[in-house]
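*Asks:* need a 3D model of the following:
(3 chains)
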Amino acid sequence: MAETASDALLGVFREPDSVATALDSLRAAGFGGHELTILSGVPYPEGAFGEEPERHRLYVFPFMGAACGFAVALLLVVGTQISYPLVTGGKPILSIPPMVNVMYEGTMLGAVLFTVIGIIFESRLPNLTPMPYDPRISEGYIGVLVTRADGRTAAAERALREAGALDIVTHPNAQLAT
Amino acid sequence: MYWALLAVAAALAVAGLVALVRLLVTGPQPYARWGYTAAVLAFLISTFQAAPILAFASRMARGFWGIPLRRAAELGALTSLVTTPLLIVLLLQLPSFDGRPSIWFDWPGGPRIWDALAGGIFALVGLALLYLSSLPDLAAARAARPGGLLLPSLGWNGTPRQWQVLSRGVIVLGAFYLMMFVFVNLVVVSDLAMSLVPNWHSAVIPPYHAVSGLEAGVATTLLTLAALRRSPGMQRYIGLDPFWGGAKLLLPFALLFFYFTWAELLTNWYGRLPDEQQVFFLFMFGPYQWAFMLSFGLNFLLPFLLLIWNPIRVSIAGPTAVSALVLLGNLVDRVRIYVPAWSVAGPVGQSLDQLPPAQLPGVEDVLIMLGAGALVVLLYLLVLRSVPAISLWEYRQGLLLSVERPFVRTGVRAIAKPH
Amino acid sequence: MQERRDLPPPKVNHDLLQFPMHTPLWFWIAAGALGMVVAAGVLTFGLMMHVGLQLLGYTNTVYWSVLITNFVFWVGISHAGVMISAILRLTQAEWRRPVTRAAEVLTVFSLATAALFPVIHTGRPWRLIYWIFPYDFSRGVWPDIRSALVWDPSAIFTYLTSSTLFVYVALIPDLAVARDRSTGWRRRFYGLFAMGFHGSKRQWRLQAIAGILLSALILPIFVSVHSIVSWDFAMAILPGWHSTVFPPYFVIGAVHSGVSAVATVMASLRRVFHLEDYITPDHFDALGRLLVAVATTWLFFFLMDFYFGIFRRDPTEVAVWQLRLFTPPYSTLFPIFLLTAYVIPVPIWLFRRFRRNIGMMFWTSLLVNVGMWLERYILIVPPQSFKEPFTYLWVPPYVPQPPEYILTLAGFGLVSFGFLIFAKIFPIIPLYDIKEGQVLKHEIRIGRVRVPAIFRE
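*Replies:* Okay, the predicted model is just below:
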């Protein structure tokens, strides 16, 4: 994740319609989709504010994890059985049915672990640098964050105010993940 | 096209009937000759007769995606007109059950009377469900074409009381149908397979039979829907949603197929008891290993590897192709269970020392299998002359309860869930 | 959901963060009492390690008894979380919203408790480590992958890890809310675990996908865990244990007891935390209907185990069932189990007015778990007891001893204690899930009637 220092503006709104109006105005003022972010305390339907869909590669992680988990589990079951080759219950040294059970668990564990890592990574977390935020967002307000407003602060402010922003906060030189 | 299909189906049905009569005339023994007939009976119960359960499940979940497939699913109840007589024929061919391991424990009338009764009740419930759910559409068809050759609509007027009774009735009958399906699967696999094989007492087989049947029931419904979609104008009513929803059901059922197979395989493999090993090899790794591998691949491996991909699930061709694989897989699986069972059937107390070689179908077997399937298709074609292929009343209800609405800058669907 | 309330976000935040942010007196009393119960269990375990397994009622033939029953029981309860949370997420059932986190937390603590019981049961737990973890030791002892007992740790570890991560991932947005509404050490604590979550569209999108993806991954794990536990018994060739139907039978039994436990927990939460606006009779109605289907499926598998156990009329299998049905004390326990697990609750749940009666749902769901505990006991002990006549004459029949009762009680205490502490630190009802339900609720007008509806993307 690249972090760049830039002026950022956060507009706080009460109504979803105002947020959509604000986004329209900001796009008309020349701001691209990648420079605008919506912050909310609750998920809204995809595209509710006219924003572009978020692209991610989360689906790669479970497969990677499953492959790793499978490999580790295979190493474990084959390694332990070959290391101590004692015939038990008339079963062969490398007994496939019992191996399947443990390898299945290992595969699923790998898939889940990597999926969780992927979720955190793709969510751009952990985000330890201070970023423009308003605690009222947790109380039902919606924030429109203009991440790169260098030289266009006035235009952004005007667009947000005309759309009905209750508060506009400027954060100069904010380090935001892009 | 319709009349050509009808003619072919009728011809095959007649050929199958003739082959069955020839088999009957020569008597029950050797029992091995009845294996494929038993397999096709179990196949039809597992596939077409399992389909109405999908309609019931879709109603219970109030899933609007399932509306186009409910009638196609319920048509499966017509299969009982083929399977019930076939079940009675097979019950008459069974060897004596006195002292034989069975779920009846020498209870008077078991298994013949009780199995026949179960099959009959199952048939009645299914046909009642199909008829009840079709009543409003039959009334509408009569109104549109007075004097036409249609089934009676019993004076349906669409009063609030009638709608209330109908809505409750289809749910109650659906629940009862599901319970009868499970029970019939239990008695069919237990009496027509497990009791014939010495030392076969695997408790997971009846649930396995039912669950693999449910998987095949979903597959049958999707294939029926795909066929109906080829009729003029039907593409407007049968869209992507029922296939996508069906695919989302096929995937967990494929996994369940693996699960039940694995439960059987692992327990028998691990125990190493001699009597279990014989049964284990007879059905899985002996003369019918080819059938086991094929069934495993068609019922689990291929559906799983295909349906985990979103582009295949979210399409019409993808679930249709997978359904065809599952249907074929179910037939192979029933052959795997019933053909070896009937090939080792004999008097009580015999042991399974020698495993007989795999038995391939003869001409009569092929004709009976084709004929039974053709008869089911024939019944579908005949009934579709009276009953619409889509449940019109449910479709109109869906239009009332599921509407497009704007949400700020996007469009969403509002889905109502009345009590 | 017919009973709709208007719940603005500030009210949701206030109601559901009330307990984590403020500590009432009753919390200290409850925590103290539960802590003492747990301490009694720890002391008993310590005494066991010091004195030996003779403190328990073990005999030459019966050495898997109350403690293993507890193990299987708690693994069963742990299936509640995934059943409710994962399946209802995947089917987008609206009534899941207040229930999911409590069910998932119940899973985590009951599974952790379950994992302790085999350790306690061995009496010398340090020896257990040698054959679970695959590192070489001077005696060259390696885990035997061919043993069903070694499959258990792999399954339970996978399930516990997955469930814990599932709880945590879904908790992140609520930790952000708690961070925003707190100060001082609480703000730092919640802020650390919220990892800087700020509710961007990307983060919410990934939360939604995470819920679906993790649910789809955890469901196969949930099926495998109790199947592997069932194979501890089915892999043995003991009459009464060696049955192919054990995996689905155990899993559906686990779902039955787990969902009943969720109903018990939900009724308790509603009463204790005054969550009448969030946990409504509609939720119990839905749980009750689910329980009818699950209980009836469980009964089917139980009957399969019974019928095919005596199918061949094998003398030893029949003898085990005769022991279970006709020989004291099992002849008393068996009808109690059947009555409490199915015969009493299920006919009650068939009636809507009883399903919507929260007191009735609380007591019937509690009754189910009494029955299911007995079911596990009757499944595990009699096949071993069957061998007793063939051992030495001076060996008395197995009778559970007081330490086993104390440890059983301590198990309940530990799960309750863990749940209480979790609810004290984190919101037990998902805040964003409730708020999302408010955003998506709608009505459709049909004639004179306004029918409740939900928006779907």
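
*Asks:* spatially central residue in chain A, please.
*Replies:* Nearest residue to the geometric centre of chain A (CA atoms, centre = their mean): residue A:123, 1.5 Å.

*Asks:* burial count for residue B:334?
*Replies:* For residue B:334, the count of nearby residues is 29 (other CB atoms under 10 Å in any protein chain shown). To be clear about C-beta, it is placed using only N, CA and C from the backbone, and glycine gets the same treatment.

*Asks:* need the contact list for it.
*Replies:* B:39, B:40, B:42, B:43, B:46 (CB atoms under 8 Å, 6 or more residues apart in numbering or on different chains).

*Asks:* just residue C:379 next, same as before
*Replies:* With CB under 8 Å, 6+ apart, residue C:379 has these contacts: C:233, C:240.

*Asks:* gap between the most centrally placed residue in chain C and chain A?
*Replies:* For chain C, the residue nearest the mean C-alpha position is residue C:77 (2.0 Å; CA atoms, centre = their mean). With distances taken as CB to the nearest CB, to the nearest Å, residue C:77 is found 20 Å from chain A.

*Asks:* re the thing from before, filter the contacts of residue B:334 down to just the ones in helices.
*Replies:* Within these, residues falling in helices by DSSP state H are B:39, B:40, B:42, B:43, B:46.

*Asks:* surely residue A:76 forms part of a helix?
*Replies:* Yes: according to DSSP: H, G, I helix; E, B strand; the rest coil, residue A:76 belongs to a helix.

*Asks:* pretty sure it contacts residue A:102?
*Replies:* Yes: using CB atoms under 8 Å, residue A:76 is in contact with residue A:102, at 7.0 Å.

*Asks:* the two: who's more crowded?
*Replies:* The residue with more neighbours, out of residue A:76 and residue A:102, is residue A:102; 23 against 18, by other CB under 10 Å.

*Asks:* how about residue 49: what's its closest non-neighbour residue?
*Replies:* No chain in the question, so chain A it is. Closest residue to residue A:49 apart from its sequence neighbours, by CB to CB, 6 or more residues apart in numbering or on different chains: residue A:20 at 4.6 Å.

*Asks:* not quite, I wanted chain B
*Replies:* Closest to residue B:49 by CB to CB, 6+ apart is residue B:79, at 4.7 Å.

*Asks:* now do the SS call for the nearest residue in space to residue C:388 that is not next to it in sequence.
*Replies:* In space, and not counting its chain neighbours, residue C:388 is closest to residue C:61: 5.2 Å by CB to CB, 6+ apart. Using three-state DSSP, the structure places residue C:61 in coil.

*Asks:* that's a strand at residue B:27, yeah?
*Replies:* No: per three-state DSSP, residue B:27 lies outside any strand segment and is coil.

*Asks:* what helix or strand is the residue in the stretch 101-250 of chain C that chain A sits nearest to on?
*Replies:* Closest to chain A within the stretch 101-250 of chain C is residue C:196: 3.1 Å, counting by CB to the nearest CB. Counting by DSSP states H and E, there is no helix or strand that carries residue C:196.

*Asks:* just residue A:38 next, same as before
*Replies:* strand A:36-40.

*Asks:* that strand near chain C anywhere?
*Replies:* Yes: Strand A:36-40 is in contact with chain C by CB under 8 Å from any CB of the partner chain, via A:37, A:38, A:39, A:40.

*Asks:* list the contacts for the residue nearest to residue A:49?
*Replies:* Taking CB under 8 Å, 6+ apart, we find residue A:20 in contact with A:48, A:49, A:50, B:408, B:409.

*Asks:* pLDDT score for the third one?
*Replies:* Looking at residue A:50, its pLDDT reads 83.

*Asks:* so it touches residue A:25, yeah?
*Replies:* No: if you go by CB under 8 Å, residue A:50 and residue A:25 don't touch, sitting 11.3 Å apart.
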